[in-house]
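A.B. asks: predicted coordinates and the sequence they were generated for:
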There are 2 protein chains.
Amino acid sequence: MRRDIFQAIADPTRRAILSLIALQAMTPNAIAEHFDSSRQAVSKHIHILVECDLLEQKQDGREIYYHFNPKKMKEVDKWLEQFRNLWENRFTNLDSLLNKMKTAKAK
Amino acid sequence: MRRDIFQAIADPTRRAILSLIALQAMTPNAIAEHFDSSRQAVSKHIHILVECDLLEQKQDGREIYYHFNPKKMKEVDKWLEQFRNLWENRFTNLDSLLNKMKTAKAK
DNA sequence: TATATTTGCAACCGATTGGTTTCTCTTATC
DNA sequence: GATAAGAGAAACCAATCGGTTGCAAATATA
């Protein structure tokens, strides 16, 4: 099943894993030590993150190092783009323009 | 139950609703017309978006207009901040710095 | 070679999710 | 006043989620 990046970052544990891996590549065991749940539960989260390309794995003997893939995270930033002008500059967006026109009409 | 904004934007229908409302405030019926599922299903999505402050409602007679709240969406942008330098400028982040040090050591 | 470590995979389970249908309430409209 | 329309609330349901335990495979290490 194909995973969605928005679904991937919906879980707080997965967001915490991403914050960890973004600083340094780690093995599943090392990651799991940071959480209360079992290694297998963490491993399932990692699997989901790999499925949607947020993490990449590099085998080293019997250990697997998981690396963060920033390019994929960029997709969320890209989606946010449509809203960014709404909180950065409220006077240039279409909504306030329409409101202005309505107000002008009403007078 | 308190909702999480990341859980709120995890659903594709809810993301589509947000994109709609960001352009113009709308009533539940008007929103529901854009989707295949029932009005009640869409209404539940709206309810979730209101719960986590992504939407605000303004009553007008028997109609309710839902408005987009950009400030709340800013929270996602804030969370992305920790990853932004990783895709914008790979040479200033800690990871590549450590890699450089490792490479230097190996020589 | 025997044993320990690291990891993934499968089965199972209760809670949550997203959908439906049905109902009630409020507000226009005839 | 009677009827229609807009919207929320509740009950129900199949599917998915996040967790667990148990097991198998591959790789170090004694």
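C.D. replies: Nice, I can see it.
A.B. asks: which SS class is A:Cys35?
C.D. replies: That one is not Cys; residue A:35 is Phe. coil (DSSP: H, G, I helix; E, B strand; the rest coil).
A.B. asks: again, but for the one 5 residues further on
C.D. replies: With three-state DSSP as the basis, A:Gln40 sits in helix.
A.B. asks: residue of chain A nearest DNA strand D, please.
C.D. replies: In chain A, no residue comes nearer to DNA strand D than A:Gly61, which is 2.0 Å away by CB to the nearest atom of the strand. All C-beta spots, glycine's among them, are computed from the backbone N, C-alpha and C.
A.B. asks: ok, now how distant is that residue from A:Thr27?
C.D. replies: Applying CB to CB, to the nearest Å, the value for A:Gly61 to A:Thr27 is 11 Å.
A.B. asks: those two: who's more crowded?
C.D. replies: Taking neighbours as other CB atoms under 10 Å in any protein chain shown, A:Gly61 and A:Thr27 compare with A:Thr27 leading, 15 against 5.
A.B. asks: quick one, phi/psi of the closest residue to that one other than its chain neighbours?
C.D. replies: The shortest distance from A:Thr27 to any non-neighbouring residue, by CB to CB, 6 or more residues apart in numbering or on different chains, is to A:Glu63 (5.0 Å). With angles defined as degrees, to the nearest 10, A:Glu63 sits at phi -100, psi 150.
A.B. asks: can you check the pLDDT for A:Glu63?
C.D. replies: Looking at A:Glu63, its pLDDT is 96.
A.B. asks: buried set for the helix or strand in which A:Lys78 is found?
C.D. replies: According to DSSP states H and E, A:Lys78 maps onto helix A:70-88. By neighbour count on 16 or more other CB atoms under 10 Å in any protein chain shown, the buried set for helix A:70-88 is A:70, A:72-74, A:76-77, A:79-80, A:83, A:86-87.
A.B. asks: give the contact list for the nearest residue to A:Leu55 once chain neighbours are set aside.
C.D. replies: Among residues not flanking A:Leu55 along the chain, A:Leu49 sits closest, at 4.3 Å (CB to CB, 6+ apart). Residues in contact with A:Leu49, defined by CB atoms under 8 Å, 6 or more residues apart in numbering or on different chains, are A:8, A:14, A:17-18, A:55, A:66.
A.B. asks: can you list the residues of chain A near DNA strand C?
C.D. replies: A:27-30, A:39-40, A:43, A:46-47, A:57, A:62-64 (CB under 7 Å from any atom of the strand).
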